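S.K.: sequence first, predicted coordinates after that:
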There are 2 protein chains.
Amino acid sequence: MPLASRSPKADKTRNDIVRAAEKLFAEKGFRAMTLRDVTRQAHVNLAAVNYHFGSKRELMLAVIRNRFEPINVERLRRLDALMAKHLTAPIPVAAIFAALFGPLFESANTEHGPDRALMQLIGRAITEPADFMRSMHKVFFNELSQRFMAELRRSCPQLSEEALQYRFFFVINTMLGTIIEQARLENLSGGTLDATDFDKLVKQLTDFAVAGFIQTDATP
Amino acid sequence: MPLASRSPKADKTRNDIVRAAEKLFAEKGFRAMTLRDVTRQAHVNLAAVNYHFGSKRELMLAVIRNRFEPINVERLRRLDALMAKHLTAPIPVAAIFAALFGPLFESANTEHGPDRALMQLIGRAITEPADFMRSMHKVFFNELSQRFMAELRRSCPQLSEEALQYRFFFVINTMLGTIIEQARLENLSGGTLDATDFDKLVKQLTDFAVAGFIQTDATP
DNA sequence: GTCTATAGAACGATAGAC
DNA sequence: GTCTATCGTTCTATAGAC
């Protein structure tokens, strides 16, 4: 593993490998993504993976970090912007959820159309059995959730701590489940709904999450 | 693959294999679950898998069918009971969701404590890349969702077809996400919430889903 | 930095004795 | 039905030429 590989050629090879690995991991999962697949798709030699990353595992960490980190940075940036805008006043719940959902779904909605690989990637990263991946996700997720829950606590003082925790848990699960199962939206609707319309999806998702989060009593 | 293996000895071997395969698949996923692992855990010979199931793939189908089928049968049984009870009157949305969530979470709540392997199994079955598993899940899921959506349509005539489909999609995703991520509930709450309290979890989940499903407008 | 070649291990599946 | 033994394949990782 090179400590300082900064030649343009090496960076291109590195990036090609990461991109190919992301695509194949999203499609197949960690075990089924073989280094032979990756190097064939990246048009590099099999040995290049171990030269640049040391192992399949280190390559996988690079893939995850490459995608998760920018999304979470942007989420916290938007939350900070909301706090700066509202000062000590409580932030609307819908705005907090928009900061949480937006960067994720926008990352999956490129100018070249929806990036299904990314949505699958994030979904798969959650369920992947390997311990090193689960612990990495925990690091990413814990910091983020504590920051968002603190703001939700301020915005919804009427909620008990228990209700707050359960409902934030459900909101996260709805978001994650929607990413994982997103491809099934068209299936479910018999083809009438457009799974690539991210703006509408996020709008509907936010409405759903807000209603579930702030509800005060059960209804018929 | 024996066409009629009904000896007690063979049944025990078969069941031991299915049980071991379920546990290992839940922990590791399809690719990482090796037949050597399975037969070692089941205390049977490696060749027994191919004798009883023909292939690793057929074994996996048996594992999934063994768990999914009873849960879905019970879901539809409860939905039928609700229809018989309410006749032509609309069924309360909360009751419909209880029929959808109940059998799943009850299956995971045995008398010997929570069956984390089952919850992981179902979560993993959803994200597993293998095509034969995705198509199997589709068969199970489509029939079920059409039945439940038909009743929700009757109970919520005020909802547009589009809203109905989006929201049912989110409800399913919340349920699935909650199963997959269930182990993280304690983590999220810093240990104050008890992830093994299924009654409370299902109650909270149902309230959340109902509120999100029937909401009429966005709120601050 | 990138290649060829290959070591070394693990896999699914099967043949054939009992 | 269950065993041992093994075939043929595929994998990660590495050694060494260029």
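M.R.: Sure thing, it's come through.

S.K.: going forward, measure contacts and count neighbours with C-alpha atoms only.
M.R.: OK.

S.K.: name the helices or strands packed onto the host helix or strand of residue A:103?
M.R.: Following DSSP states H and E, the helix or strand that holds residue A:103 is helix A:93-107. If contacts are counted by 3 or more C-alpha pairs under 8 Å, 6 or more residues apart in numbering or on different chains; DSSP states H and E, helix A:93-107 sits against helix A:56-86, helix A:131-155, helix A:198-214.

S.K.: pull out the buried residues from it.
M.R.: A:93-105 (16 or more other C-alpha atoms under 10 Å in any protein chain shown).

S.K.: from these, which is closest to DNA strand C?
M.R.: Among those, residue A:104 lies closest to DNA strand C (C-alpha to the nearest atom of the strand), at 31.5 Å.

S.K.: nearest to DNA strand C: which residue in chain A?
M.R.: DNA strand C sits closest to residue A:45 of chain A, with a gap of 3.5 Å, by C-alpha to the nearest atom of the strand.

S.K.: domain parsing for chain A?
M.R.: Domain assignment of chain A by automatic domain parsing yields the ranges A:1-54, A:64-214.

S.K.: how much space between residue A:174 and chain B?
M.R.: In this view, residue A:174 and chain B are 4 Å apart by C-alpha to the nearest C-alpha, to the nearest Å.

S.K.: what helix or strand is that residue on?
M.R.: Per DSSP H and E, residue A:174 falls inside helix A:161-181.

S.K.: neighbouring contacts of that helix?
M.R.: When contacts are defined by C-alpha atoms under 8 Å, 6 or more residues apart in numbering or on different chains, helix A:161-181 is touched by residues A:101, A:119-120, A:122-124, A:149, A:152-153, A:205, A:209, A:212-213, B:127, B:169-171, B:173-178, B:181, B:185, B:188-189, B:193, B:201, B:204-205, B:208.

S.K.: close to DNA strand D: what parts of chain A are there?
M.R.: Contacts of chain A with DNA strand D, taken as C-alpha under 7 Å from any atom of the strand, map to A:31, A:33-37, A:46-47, A:50-51, A:54-57.

S.K.: and these, which two are the farthest apart?
M.R.: A:31 and A:51 (20.2 Å; C-alpha to C-alpha).

S.K.: tell me which of these two has more neighbours.
M.R.: Relative neighbour count places residue A:31 above the other of residue A:31 and residue A:51, with 18 against 12, counting by other C-alpha atoms under 10 Å in any protein chain shown.

S.K.: flag the shaky bits of chain A, pLDDT-wise.
M.R.: A:1-6, A:129-130, A:217-220 (pLDDT under 70).

S.K.: any idea how far residue A:80 lies from chain B?
M.R.: Residue A:80 is 19 Å from chain B, by C-alpha to the nearest C-alpha.

S.K.: show me the residue of chain A that gets nearest to DNA strand D, please.
M.R.: For chain A, C-alpha to the nearest atom of the strand, closest residue to DNA strand D: residue A:34, 3.2 Å.

S.K.: how close does that residue sit to residue A:56?
M.R.: Using C-alpha to C-alpha, to the nearest Å, we find residue A:34 at a distance of 9 Å from residue A:56.

S.K.: ok, now residue A:201?
M.R.: Using C-alpha to C-alpha, residue A:201 is found at 35 Å from residue A:56.

S.K.: re earlier: can you list the domains of chain A in a markdown table and add distance to residue B:144?
M.R.: Below are these laid out as a markdown table (distance: least, C-alpha to C-alpha, whole Å):
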| stretch | distance to residue B:144 |
| --- | --- |
| domain A:1-54 | 26 |
| domain A:64-214 | 11 |
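
S.K.: what number of residues lie near residue A:160?
M.R.: 10.

S.K.: let me know which of the helices and strands packed on helix A:93-107 is tucked in deepest.
M.R.: Across the helices and strands packed on helix A:93-107, averaging neighbours per residue (mean count of other C-alpha atoms under 10 Å in any protein chain shown) puts helix A:198-214 on top, at a mean of 21.

S.K.: ramachandran coordinates for residue A:31?
M.R.: phi -70, psi -40 (degrees, to the nearest 10).

S.K.: next up, the contacts around it.
M.R.: B:31-32.

S.K.: give me the distance between it and residue A:56.
M.R.: Plainly put, residue A:31 is 10 Å away from residue A:56 if you go by C-alpha to C-alpha.

S.K.: for residue A:43, same thing?
M.R.: Taken as C-alpha to C-alpha, the span from residue A:43 to residue A:56 is 17 Å.

S.K.: and what of residue A:19?
M.R.: 14 Å.

S.K.: ok, now residue A:197?
M.R.: Residue A:197 is 35 Å from residue A:56, by C-alpha to C-alpha.

S.K.: ditto for residue A:100
M.R.: Per C-alpha to C-alpha, residue A:100 is found 31 Å from residue A:56.

S.K.: cool, residue A:81 as well?
M.R.: In this view, residue A:81 and residue A:56 are 38 Å apart by C-alpha to C-alpha.

S.K.: do the same with residue A:151
M.R.: From residue A:151 to residue A:56 the distance is 39 Å (C-alpha to C-alpha).

S.K.: hang on, the earlier thing: and the helix holding residue A:174, what's buried?
M.R.: So, applying 16+ other C-alpha under 10 Å, buried residues of helix A:161-181: A:164-181.

S.K.: any residue of the helix or strand that that helix is followed by up close to chain B?
M.R.: Counting by DSSP H and E, the element after helix A:161-181 in chain order, helix or strand, is helix A:184-189. Yes - remark: helix A:184-189 sits within contact range of chain B at A:185, A:188-189, by C-alpha under 8 Å from any C-alpha of the partner chain.

S.K.: would you turn these into JSON lines with neighbour count?
M.R.: Below are those laid out as JSON lines (neighbours: other C-alpha atoms under 10 Å in any protein chain shown):
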{"residue": "A:185", "neighbour count": "22"}
{"residue": "A:188", "neighbour count": "20"}
{"residue": "A:189", "neighbour count": "18"}
